[in-house]
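In: Sequence and predicted model, in that order:
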Amino acid sequence: MSDNRPIVAVVGRPNVGKSTLFNKLAGKRISIVEDTPGVTRDRIFTEVEWLNTYFTLVDTGGIEPDNGDVILSQMRNQAMLAMDMAHVILFVVDGKSGITAADKEVATMLRKTKKPVILVVNKIDSQKQFDNVYDFYELGLGNLHAISSANGMGLGDLLDEVVENFPKGLNTEYSEDIIRVAITGKPNAGKSSILNNILGEDRVIVSPIAGTTRDAVDTYFEKDGQQFLLIDTAGLRRKSKIYETVEKYSVIRSMSAVDRADVVLIVIDAQEGITEQDTKVAGIAHDEGKACIFVVNKWDLIEKDNKTLGNYTKEIKEKFPFMMYAPVLFVSAKTNQRMNKILETVEYVASEHAKRISTSALNDVIGEAVMLNQPPSDKGKRLKIYYASQTDIKPPKITLFINDKQLTHFSYQRYLENKIRENFGFEGTSVRFEYREKN
Ligand code: GDP
Ligand code: GDP
């Protein structure tokens with residue numbers, strides 16, 4: 001069995017309506033603003049559900065390099081990325097402006113892939129614009145759909161076609177039993193070595209399903225009754241040239257993996273220390289509420305005394321003050337040092353990430369915390385916490401029913417978070433807070 005989720009990539013020139021389509025399919029406006037300092041990005045991956053079929057949608061147009069590349073080379077990269085990672089490709093063109101040279105170029109590339117390509121003629125907002133559609137058959141791509149991302153016309157038929165084109169054997173159902181793990185980190189940090197070490201001989205590795213060998217991006221295995229899915233392992237094994245050389249694309253690749261993961265391993269090269277890419281990926285994993293583990297690899301290369309480990313841990317905690325919850329492991333994929341800790345820790349943080357605590361136990365802890373240290377007040381009015389309840393998992397979310405949102409304060413929230421962690425752990429995961437006023 002494999003748990004590969006189908007991936008659908010959206011390709012097309014700027015302004016043809018890719019983001020509009022993406023948002024429409026995602027069924028919600030997608031937030032662009034991120035909380036973590038230094039991390040600003042468009043959300044370019046989303047999970048879509050169509051008639052109980054789940055798949056991942058990728059907007060490759062959201063990942064244009066910001067170095068002012070010409071459109072054509074951007075589009076080539078988009079198309080390559082799509083051909084590499086997607087199971088179905090949506091090539092979006094502008095039904096109002098007609099075919100352009102860049103469209104033709106991309107069509108030529110896409111005709112070479114064996115993957116299903118669906119040509120999406122967008123901005124056909126009404127029947128009378130239908131005449132424009134036929135011109136696009138010239139691009140030589142079989143399946144054509146006229147849609148309007150703006151008013152939603154044609155989307156149902158398009159989604160039917162997308163779903164019909166998924167290769168057999170992919171998993172389109174949501175399963176809670178599998179721990180999905182993403183191994184991220186900059187090129188050469190040792191991700192592939194760690195992966196191969198984890199997948200050592202004694203584990204049952206189910207080979208990729210027939211027919212999808214080249215496309216399989218995830219590796220499924222079981223250990224001691226627990227099922228794991230290592231996301232995007234093909235990307236690691238194959239060492240695709242374009243991603244490994246262009247740092248931006250290796251970040252994208254990581255982002256895709258992070259999006260689909262429960263647990264994110266942030267692999268750091270011990271000799272090199274924390275890089276900007278690590279900071280980015282960690283920030284994203286945190287923002288998306290994933291369970292996180294820092295894995296400092298190549299520990300064999302470090303000259304150590306009895307302070308080295310402590311100092312290194314401190315440095316990581318200082319660089320990622322918003323991720324104090326994440327365990328730090330020091331390993332060597334080469335000498336095997338502490339490698340057995342990795343899956344153990346993955347399992348542990350995954351269970352913390354999915355943990356539910358009872359309302360009564362939570363309220364006991366909050367009640368005690370409030371007695372020890374009174375909530376903040378402003379102009380004689382004090383924050384009252386009536387009760388608390390855990391309202392979500394992955395990541396855990398605590399909803400506090402209170403008298404007045406104006407009276408909440410970050411430092412008091414942090415105090416409560418510490419109390420909650422002292423009592424319930426939640427190691428490896430962020431804990432979210434939500435306030436609701438109740439009168
Ligand atoms: P992207 O650059 O490909 O992501 O394109 P956007 O989604 O940002 O859309 C570019 C412009 O086209 C925006 O002004 C959209 O409002 C407009 N647009 C997108 N879809 C449609 C559509 O179906 N009909 C019309 N008339 N305009 C659209
Ligand atoms: P990736 O690009 O992140 O997948 O990194 P690789 O797994 O390909 O490793 C990059 C290089 O580092 C290779 O030459 C590995 O042999 C080496 N390497 C990986 N892990 C370790 C380690 O724990 N110790 C040492 N000394 N070298 C390592």
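Out: Thanks, I have the structure now. Residues are numbered from 1 along each chain as shown. Ligands and ions are numbered 1, 2, ... in the order given.
In: Tell me how far the most centrally placed residue in the chain lies from residue 288.
Out: Nearest residue to the geometric centre of the chain (CA atoms, centre = their mean): residue 259, 1.2 Å. Distance, residue 259 to residue 288, using CB to CB, to the nearest Å: 7 Å. For the C-beta atoms, the positions are set from N, CA and C on the backbone; glycine is no exception.
In: got any residues that touch both of those two?
Out: Taking CB atoms under 8 Å, 6 or more residues apart in numbering as the contact rule, residue 259 and residue 288 have no neighbour in common.
In: so which helix or strand takes in the residue nearest to the centre of the chain?
Out: Using DSSP states H and E, residue 259 maps to helix 247-260.
In: following that helix, which helix or strand comes up?
Out: From helix 247-260, the next helix or strand downstream (DSSP H and E) is strand 263-269.
In: Give me the contact list for that following strand.
Out: With CB under 8 Å, 6+ apart as the criterion, strand 263-269 contacts 179-186, 188-191, 194, 257-258, 274-275, 278, 281-282, 285, 290-298, 316, 326, 342, 346, 349-350, 353, 428.
In: State the mean pLDDT of stretch 111-127.
Out: For stretch 111-127, the per-residue pLDDT values average out at 94.
In: quick one on the thing from earlier: which of the contacts of strand 263-269 are buried? Put it as a PyMOL command.
Out: Those of the contacts of strand 263-269 that count as buried under 16 or more other CB atoms under 10 Å are selected in PyMOL with:
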select buried, resi 179+180+181+182+183+184+185+186+189+190+191+194+257+258+274+278+281+282+285+290+291+292+293+294+295+296+297+298+316+326+342+346+349+350+353+428
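In: and the contacts of strand 263-269 near ligand 2, which?
Out: 185, 188-191, 297-298 (CB under 6 Å from any ligand atom).
In: quick one on the thing from earlier: looking at the contacts of strand 263-269, which are in helices?
Out: Taking DSSP state H, the ones among the contacts of strand 263-269 that sit in helices are 191, 194, 257-258, 278, 281-282, 285, 316, 342, 346, 349-350, 353.
In: Point out the least confident one among those residues.
Out: residue 257 (82).
In: Pull up the gap between the closest residue to that residue other than its chain neighbours and residue 270, please.
Out: Counting by CB to CB, 6 or more residues apart in numbering, residue 182 is the residue found nearest to residue 257 once chain neighbours are left out, at 3.7 Å. According to CB to CB, residue 182 and residue 270 sit 20 Å apart.
In: So which residues on the stretch 251-400 of the chain come close to ligand 2?
Out: Contact residues (CB under 6 Å from any ligand atom) of the stretch 251-400 of the chain with ligand 2: 297-298, 300-301, 332-334.
In: Closest one to residue 403 out of these, please.
Out: Ranked by distance to residue 403 (CB to CB), these are led by residue 297 at 49.3 Å.
In: For that closest one, give the beta-bridge partners.
Out: Listed by DSSP bridges, the beta-bridge partners for residue 297 are residue 269.
In: wait, isn't it in contact with residue 332?
Out: Yes: if you go by CB atoms under 8 Å, residue 297 and residue 332 touch, sitting 6.8 Å apart.
In: Can you classify residue 169 as helix, strand or coil?
Out: coil (DSSP: H, G, I helix; E, B strand; the rest coil).
In: State the pLDDT value of it.
Out: The model's pLDDT for residue 169 equals 82.
In: Ok, the one 5 residues further on next?
Out: pLDDT recorded at residue 174 is 67.
In: so how many other residues sit close to residue 308?
Out: 14 (other CB atoms under 10 Å).
In: Name whatever forms a beta bridge with the closest residue in space to residue 15 that isn't next to it in sequence.
Out: Once flanking residues are discounted, residue 15 sits nearest to residue 94: 7.0 Å by CB to CB, 6+ apart. Beta bridges link residue 94 to residue 122 when assigned by DSSP bridges.
In: pretty sure residue 94 contacts residue 123?
Out: Yes: Residue 94 lies in contact with residue 123 (CB under 8 Å); the separation is 5.7 Å.
In: what's the overlap in contacts for the two?
Out: What both residue 94 and residue 123 touch, as defined by CB under 8 Å, 6+ apart, is the set 16-17.
In: ok, back up a step: name the residues linked to the residue nearest to residue 257 by a beta bridge.
Out: In beta-bridge terms (that is, DSSP bridges), residue 182 pairs with residue 231, residue 264.
In: Hmm, it is touching residue 282, no?
Out: No: counting by CB under 8 Å, residue 182 stays clear of residue 282, with 11.9 Å between them.
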